[in-house]
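S.K.: model this:
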Amino acid sequence: MGIAVADADEVLRDKAALMRESLQRSRTITEKVVSIIGSFDNRLSSLETAMHPTQVRTHSVRKAHENIDKTLKAAEGILVRFDQFRQAEAIILKGPNESLENYLQTIAKLRSNIQYFGNIKGFKGSDGIINHANTLLAKAIFKLEDGFRQLLLSYSKPVEPECLFDCLPNSMRPSSGSPAHDDGPNGKNHSNHDSEAHDIADAVVYTPPTLIPPKVLPLLHNLAQQMVDAGHRHQLLNTYREARSNVLVESLQKLGVEKLNTEDVQKLQWEILEAKIGNWIHFMRIAVKLLFAGERIICDEIFEGFDSLSEQCFAEATTNSVSMLLSFGEAIARSKRSPEKLFVLLDMYEIMQELHSEIGTLFRGKACVEIRVAAMGLTKRLAQTAQETFGDFEEAVEKDATKTAISDGTVHPLTSYVINYVKFLFDYRSTLKQLFQEFDGIEDSPQLASITTRIMQALQTNLDGKSRQYKDIALTHLFLMNNIHYIVRSVRRSEAKDLLGDDWVQRHRRIVQQHANQYKRNAWAKILQCLSIQGLASSGGGSGNGDGGPGSSSGASRTVVKDRFKTFNAMFEELHLKQSQWTVPDSELRESLRLAIAEVLLPAYRSFVKRFGSLVESGKGHQKYIKYTPEDLDRMLGEFFEGKSTIETRR
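M.R.: Numbering: from 1, shown residues only. Next up is the predicted model:
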């Protein structure tokens with residue numbers, strides 16, 4: 001066992017020795033390899049050192065070639081740009097007349113070249129080239145500006161009135177001559193004014209005229225675009241104003257529009273002025289709905305994409321035309337007020353209200369603010385003047401000092417004038433509603449009812465004063481009866497009844513009846529007294545009939561009876577002569593008044609003749625006492641209130 005252990009140790013020592021020997025050999029080999037590799041590094045380093053100059057020269061040559069290529073390409077690009085400059089200069093100097101499209105393309109290339117040379121750094125000729133190009137570009141824009149002006153002027157012509165009339169709806173085209181104004185309270189026809197005006201406003205369609213051919217507008221737009229890009233907005237604005245402003249003014253002048261101030265208006269006779277106002281209303285519609293609408297169309301198309309410039313150009317082009325129209329309206333609103341002007345003021349206010357929204361749409365933006373303010377100012381001034389005229393009219397009615405006496409007691413011209421005036425107020429009811437709400441903030445019905453009531457009261461106050469001119473108190477009451485009856489009848493047949501109410505109507509009908517009763521009392525009381533039995537008794541002696549008895553003539557004095565018949569005849573003939581010249585124009589009222597007189601007079605006359613006629617019939621010349629039969633009197637009553645002349649009555 002000990003021998004085996006010794007053998008194992010020996011084996012281990014032998015293996016360890018072998019391992020030491022192997023490690024030694026490996027170290028030796030490694031050192032040799034490291035030595036060899038180190039020699040390689042030294043040789044490679046030497047080789048790189050030897051190769052470096054060659055590599056540097058090769059890189060430089062390659063870079064030089066690349067730079068040469070780049071320079072050649074840049075030079076070629078510059079030469080191309082120079083060639084474009086020469087071509088552009090030739091085209092620009094010729095102008096845009098041959099081909100506007102080519103001209104605009106050339107300007108675009110010129111701008112591109114200016115930007116190109118502006119981006120090149122270190123190129124000594126850039127500044128000179130850019131300056132020359134800018135000079136050339138300025139010439140091009142100047143020629144474009146001139147082309148824009150010439151093109152716009154060549155197509156800017158005044159619009160003939162016939163062309164504008166053709167753009168109106170059929171219902172609004174004038175049949176002949178100038179458009180006439182609706183009639184007013186001086187005997188002309190304003191019937192159904194409100195309904196007709198609103199039917200027209202709602203139903204018609206206006207077609208703006210073609211002021212510049214559509215095919216020309218894109219060319220003008222392109223030219224305008226170039227001028228804006230070149231910073232020539234101001235020149236563009238001036239050019240457009242010069243071309244379009246005068247054309248619009250001339251178009252209105254051809255239509256008949258005049259620029260009148262307050263002094264001019266004051267010098268005109270009312271009939272002439274009324275016609276001019278009617279024409280002005282028509283011209284305002286044509287100007288806003290047709291002429292200015294057409295101008296807005298071409299302005300928006302030419303300056304599409306430049307809203308502020310479009311608004312400014314439109315304002316500049318239309319300012320003079322609008323001023324010419326509004327100045328006339330201002331002159332009317334500021335002129336001396338008079339009752340007959342109320343309805344034309346309302347007509348003018350109405351058209352300004354009708355056009356309000358369209359004026360706001362057409363004259364939009366900051367540039368047109370003055371025009372919008374002027375139009376609104378005129379509208380308010382017309383409304384204010386109309387309201388003040390209401391007050392003037394009420395005062396004028398109450399203080400009317402017409403001295404012309406109405407000898408026959410018929411309806412006074414003032415009464416018919418005022419009633420017609422009030423009727424026309426109702427024709428403008430919707431317009432008055434706008435006016436009252438704008439200034440007073442209340443509904444129209446109470447306000448219009450209040451105005452109507454005050455005017456009626458003012459009229460009655462004036463009529464009371466006029467009635468005192470009559471010396472015959474009976475004619476005074478006949479006059480008041482006629483006039484108040486006319487007022488009541490007119491109110492009952494008009495919209496005024498709805499505002500004034502049934503109570504007002506019934507109260508004034510009673511007033512008519514009161515004046516009729518007063519007329520009968522004052523005109524017929526004395527003659528009826530002649531047919532009374534009072535005072536017929538004999539005062540003593542032989543003047544009675546001497547027959548005694550309880551007969552109807554018992555105790556009556558023949559002389560007194562004769563005097564009564566003579567007095568009756570004379571008084572009736574005087575009444576017939578006078579009151580046949582008086583007038584009750586309403587046939588129903590006339591007949592009822594005659595009937596009321598006959599119902600009192602004829603029975604009294606029959607009774608008197610029957611009772612006392614025998615006292616005078618037996619004597620000579622009895623015909624001069626009992627001259628008339630009841631039928632004669634009835635026939636003669638039928639001639640009362642016919643307004644006959646004195647000669648006709650005597651016949």
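S.K.: hey, let's count contacts and neighbours off CA atoms from now on
M.R.: OK.
S.K.: Distance-wise, check Glu574 relative to Leu144.
M.R.: Per CA to CA, to the nearest Å, Glu574 is found 98 Å from Leu144.
S.K.: if you count what's nearby, which of those two comes out ahead?
M.R.: Per other CA atoms under 10 Å, whichever of Glu574 and Leu144 has more neighbours is Leu144, with 25 against 12.
S.K.: Contact partners for Gly329?
M.R.: By CA atoms under 8 Å, 6 or more residues apart in numbering, the residues touching Gly329 are 348, 378.
S.K.: What average pLDDT does the one helix or strand it maps to get?
M.R.: For Gly329, the host element (DSSP states H and E) is helix 307-334. Mean per-residue pLDDT for helix 307-334: 95.
S.K.: Just the CA atoms of the next helix or strand after it, as CSV, please.
M.R.: Using DSSP H and E, the helix or strand that follows helix 307-334 in sequence is helix 342-354. The C-alpha coordinates for helix 342-354 follow below in CSV (Å, rounded to 0.1, in the frame of the first residue of the first chain):
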residue,chain,number,x,y,z
LEU,A,342,-96.0,116.0,-44.8
PHE,A,343,-96.9,113.3,-47.3
VAL,A,344,-93.9,113.8,-49.5
LEU,A,345,-91.7,113.7,-46.3
LEU,A,346,-93.4,110.4,-45.4
ASP,A,347,-92.8,109.1,-49.0
MET,A,348,-89.1,110.1,-48.7
TYR,A,349,-88.8,108.5,-45.2
GLU,A,350,-90.5,105.4,-46.5
ILE,A,351,-88.0,104.9,-49.4
MET,A,352,-85.1,105.5,-47.1
GLN,A,353,-86.5,102.8,-44.8
GLU,A,354,-87.1,100.5,-47.7
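S.K.: is it true that Glu295 touches Leu211?
M.R.: Yes. Here Glu295 reaches Leu211: they are 7.0 Å apart, a contact under CA atoms under 8 Å.
S.K.: Neighbour count for those two, which is higher?
M.R.: Per other CA under 10 Å, whichever of Glu295 and Leu211 has more neighbours is Glu295, with 22 against 16.
S.K.: still on that earlier bit, pull up the overlap in contacts between Glu295 and Leu211.
M.R.: By CA under 8 Å, 6+ apart, no residue touches both Glu295 and Leu211.
S.K.: Check the secondary structure at Cys368 for me.
M.R.: helix (DSSP: H, G, I helix; E, B strand; the rest coil).
S.K.: neighbours of it, just the number please.
M.R.: 21.
S.K.: just Thr629 next, same as before
M.R.: With other CA under 10 Å as criterion, Thr629 counts 13.
S.K.: Can you list phi and psi of it for me?
M.R.: Note on Thr629: backbone dihedrals following degrees, to the nearest 10 are phi -80, psi 160.
S.K.: Now do it, the pLDDT please.
M.R.: 94.
S.K.: Please report how far it lies from Ala449.
M.R.: From Thr629 over to Ala449 the distance is 53 Å, taken as CA to CA.
S.K.: Contacts only, for the closest residue to Thr207 other than its chain neighbours.
M.R.: The spatially closest residue to Thr207, leaving aside those adjacent along the chain, is Cys167, at 5.3 Å (CA to CA, 6 or more residues apart in numbering). With contact taken as CA under 8 Å, 6+ apart, Cys167 is in contact with 206-209, 290.
S.K.: repeat that with 10 Å
M.R.: 161, 173, 205-209, 286, 289-291 (CA atoms under 10 Å, 6 or more residues apart in numbering).
S.K.: can you check Tyr206 too?
M.R.: Counted by CA under 10 Å, 6+ apart, Tyr206 has contacts 166-169, 285-286, 289-290, 293.
S.K.: Burial check on the closest residue to Pro174 other than its chain neighbours, number of neighbours?
M.R.: Of all residues not flanking Pro174 in the chain, Phe165 sits nearest, at 7.6 Å (CA to CA, 6+ apart). Residue neighbour count, defined by other CA under 10 Å, stands at 17 for Phe165.
S.K.: pretty sure Phe165 is in a strand, no?
M.R.: No. Judged by three-state DSSP, Phe165 forms no part of a strand; its state is helix.
S.K.: Against Tyr417, how distant is it?
M.R.: From Phe165 to Tyr417 the distance is 36 Å (CA to CA).
S.K.: about what we covered before: drop anything exposed from the contacts of Tyr206.
M.R.: 166-168, 285-286, 289-290, 293 (16 or more other CA atoms under 10 Å).
S.K.: Pipe those residues into a markdown table and attach pLDDT per row.
M.R.: Formatted as a markdown table, the buried ones among the contacts of Tyr206 follow (pLDDT from 0 to 100):
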| residue | pLDDT |
| --- | --- |
| Asp166 | 92 |
| Cys167 | 92 |
| Leu168 | 90 |
| Arg285 | 96 |
| Ile286 | 96 |
| Lys289 | 96 |
| Leu290 | 96 |
| Ala293 | 97 |
